[in-house]
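**Student:** sequence? don't have it. structure:
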């Protein structure tokens, strides 16, 4: 399945802050066929560094989508039945307007003049794409990590537009520890002189700072156990350690590789804006409680967490589940056993597929 | 109790690597009085960024020692009964020879020409100080975190010199995750252009990189729960968030403050060398198993861990305990309940005091 990223431009979007971005470009991909009643659309929302290329093989780079194991014919999100849509988030750097985009007023990249954005803004822009496609109600909105935050926001902000919501490995708001890890990443970027207050476009990007930020991220995405299994204390060069500051341990080598690789595909200012949007996100904001926020939602919920995920631990999912149950909302919760830490939502295909396929089929049948 | 840091110089020390440092200066402090039989000496070994100033009030800076709540008259390490000694580690930057020291051969700081050091080297230098003081047998060696590694090394390398060993919140070897966190810190420092391959003495130190490294450290020293309690999602300036990249969350402000503060008291190259020594440390190295390494030890052991310490989790202490028990060694183990994460060994005074005071009294009585 070769897929091509599509694009749509809107005249403007007004943000939660009141700021306006005009125009705004949005990158998205679709898989499967929208039925005549436009009732089989599923929106996939991506995590922090994801993009619109969720499934299939990219036309340009030949690479599989980030959730290709879950989206496609016969898969969890079965493209023989459903029309699946994935949209690059506002503030990103993969086709949707973000800090690296040209500000038409100046002819130069926005850089740090890009307005602050929220998870709510990301969702509002997604709603514009969904409207643009003529879809009045999504069969489901699904996503993990920051994607899960968007799922929750969709369910609360557009209750009539979401039949089912699948928030996976996520939270209704970041804890101090989650904010702290993001802040370290931001500080690493801003400490790099090449960051230059965000004005590095056309020059050397803050590669070292961004790489360090990504290394911190990768530690939090894995579990202690999965790191043990994958790396242990093995040395990169067999035999005794050279005992230098080079990457003698395999885990050091891996982190440096992933850090350097990341620099080629992600924009440092997008890193700042998107992590900040995550940290500021609080689903309960504007409501007396999380339960009262979630009371706005009318979707069926399938909440999934993973045993070894210490970045978005299960108790954060349970907080969402409890709030929904206290308001008599329809919610199923599964804590799946996995060794992969936060990465589990991307790699634990088996049980997630069973859960999601069955849940989606039921919702589709009811909606028909 | 005003205390002054003392100093001793040895002609040379030969390292595990075969390299020689000559001469070598060592900073240490003592509290209490060494008895006539020299049988009441307790060696306190410090953690990563600690120093010789473990107790009392510093003569120069007026600051309390890092374990002042545990060392002093009537405290866990009761200076009315015991002669307590604390030594700044080799490779440090607080009086003992390290990368920031002048290499007499060049007249310039060692910087990255300083030889690689090990936990074993640190302990060998401590042994030289103990010998210098005429102490043939220590009543106890005690320390947390990297201090605990030194305790284990002492017990295995100098079994006849250690009556009791108290490894606290520690491990016999770093896991991949622990190496990974240290590696991120090192990369943050080395990514700072001011690091300049270690040649920053007399110039601007790599303050931004060192600060980021310290921020990562502080996250791992606290627990998710203690961060929730201390900071939650509170904003630094009451009322609505300014929503900028400034330190609007209290946790951001705290981390930045601690990061910046650290730069004034710690040398970046020492950070590199000491974290590497921790990562390379493996008590079982040279033995077929950890149990066979610990079989060399003849001390009584009191192993302590803390429930919320996720950096040095209890299962790492249990691994030590199991290995000791398999060789029929005398070991007591306590997992203390605490919310403070890895920091617990510095702040949970009550139960640690009871445990250590009783254990020490028994060993002292037996040794008398």
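**Tutor:** Looks like it came in fine. Quick caveat, the model's predicted, so the values are computed rather than measured.

**Student:** switch to C-alpha atoms for all contacts and neighbour counts from now on
**Tutor:** Noted.

**Student:** how about the residues of chain A that lie near chain B?
**Tutor:** Residues of chain A lying near chain B by CA under 8 Å from any CA of the partner chain: A:116, A:174-177, A:179-181, A:183-184, A:187-188, A:191-192, A:208-209, A:212, A:215-216, A:219, A:224, A:227-228, A:231-233, A:243-245, A:251-252, A:255, A:276, A:280.

**Student:** list only those of the residues you listed flagged as buried.
**Tutor:** Buried members of the residues of chain A next to chain B, scored by 16 or more other CA atoms under 10 Å in any protein chain shown, are A:116, A:174-177, A:179-181, A:183-184, A:187-188, A:191-192, A:208-209, A:212, A:215-216, A:219, A:224, A:227-228, A:231-233, A:243, A:245, A:251-252, A:255, A:276, A:280.

**Student:** in strands, which of those appear?
**Tutor:** Using DSSP state E, no member of those falls in strands.

**Student:** which of the residues of chain A next to chain B fall within helices?
**Tutor:** Members of the residues of chain A next to chain B lying in helices (criterion: DSSP state H): A:176-177, A:179-181, A:183-184, A:187-188, A:191, A:208-209, A:212, A:215-216, A:219, A:224, A:227-228, A:251-252, A:255, A:276, A:280.

**Student:** ok, the closest residue to residue A:168 other than its chain neighbours - contacts?
**Tutor:** Beyond its immediate neighbours in the sequence, the residue positioned closest to residue A:168 (CA to CA, 6 or more residues apart in numbering or on different chains) is residue A:144, lying 4.3 Å away. Each residue near residue A:144 by CA atoms under 8 Å, 6 or more residues apart in numbering or on different chains is listed here: A:45, A:46, A:47, A:167, A:168, A:169, A:170, A:345.

**Student:** with residue A:171 instead?
**Tutor:** When the contact criterion is CA under 8 Å, 6+ apart, the partners of residue A:171 are A:145, A:148, A:149, A:312, A:316, A:317, A:320.

**Student:** quick check: which element contains the third one?
**Tutor:** This points to residue A:149. Assessed by DSSP states H and E, residue A:149 sits inside helix A:146-157.

**Student:** for that helix, name the packing helices and strands.
**Tutor:** Using 3 or more CA pairs under 8 Å, 6 or more residues apart in numbering or on different chains; DSSP states H and E as the contact definition, the elements that helix A:146-157 packs against are helix A:119-132, strand A:138-144, strand A:162-168, helix A:290-294.

**Student:** switch the cut-off to 6 Å
**Tutor:** Counting contacts by 3 or more CA pairs under 6 Å, 6 or more residues apart in numbering or on different chains; DSSP states H and E, helix A:146-157 is packed against strand A:162-168.

**Student:** got the contact list for the strand it packs on?
**Tutor:** Outside of strand A:162-168, the residues within contact range by CA atoms under 6 Å, 6 or more residues apart in numbering or on different chains are A:137-144, A:148, A:151, A:299-305.

**Student:** same thing but at 8 Å, please
**Tutor:** Judged by CA under 8 Å, 6+ apart, the contacts made with strand A:162-168 from elsewhere in the structure are A:137-145, A:147-149, A:151-152, A:154-155, A:298-305, A:345, A:360, A:363, A:367.

**Student:** quick one, it and helix A:146-157 angle?
**Tutor:** An angle of 150 degrees separates the directions of strand A:162-168 and helix A:146-157 when computed by axes from the mean of the first three to the mean of the last three CA atoms, to 10 degrees.

**Student:** start and end of stretch A:322-330, how far apart?
**Tutor:** Start-to-end span of stretch A:322-330 (CA to CA, to the nearest Å) is 11 Å.

**Student:** state the mean pLDDT of it.
**Tutor:** Taken as a whole, stretch A:322-330 has a mean pLDDT of 98.

**Student:** quick one: low-confidence ranges for chain A?
**Tutor:** Judged by pLDDT under 70, chain A has its weakly predicted residues at A:238-243.

**Student:** out of all of them, which helix in it is the longest?
**Tutor:** With DSSP H as the criterion, chain A gives helix A:349-367 as its longest helix.

**Student:** okay, now the domains of chain A?
**Tutor:** According to automatic domain parsing, chain A comprises the domains A:2-173+A:283-367, A:178-275.

**Student:** quick one: closest of the ones you listed to residue B:106.
**Tutor:** domain A:178-275 (22.0 Å; CA to CA).

**Student:** how near is the closest residue to chain B within the stretch 1-150 of chain A to residue B:266?
**Tutor:** Among all residues of the stretch 1-150 of chain A, residue A:116 sits closest to chain B, at 7.2 Å; criterion: CA to the nearest CA. Separation of residue A:116 from residue B:266 (CA to CA): 36 Å.

**Student:** got it, and residue A:63?
**Tutor:** Here the distance between residue A:63 and residue B:266 works out to 46 Å (CA to CA).

**Student:** so for the two, which sits in the more crowded spot?
**Tutor:** With neighbours defined as other CA atoms under 10 Å in any protein chain shown, residue A:63 and residue B:266 compare such that residue B:266 has more, 17 against 13.

**Student:** right, I'll leave it there.
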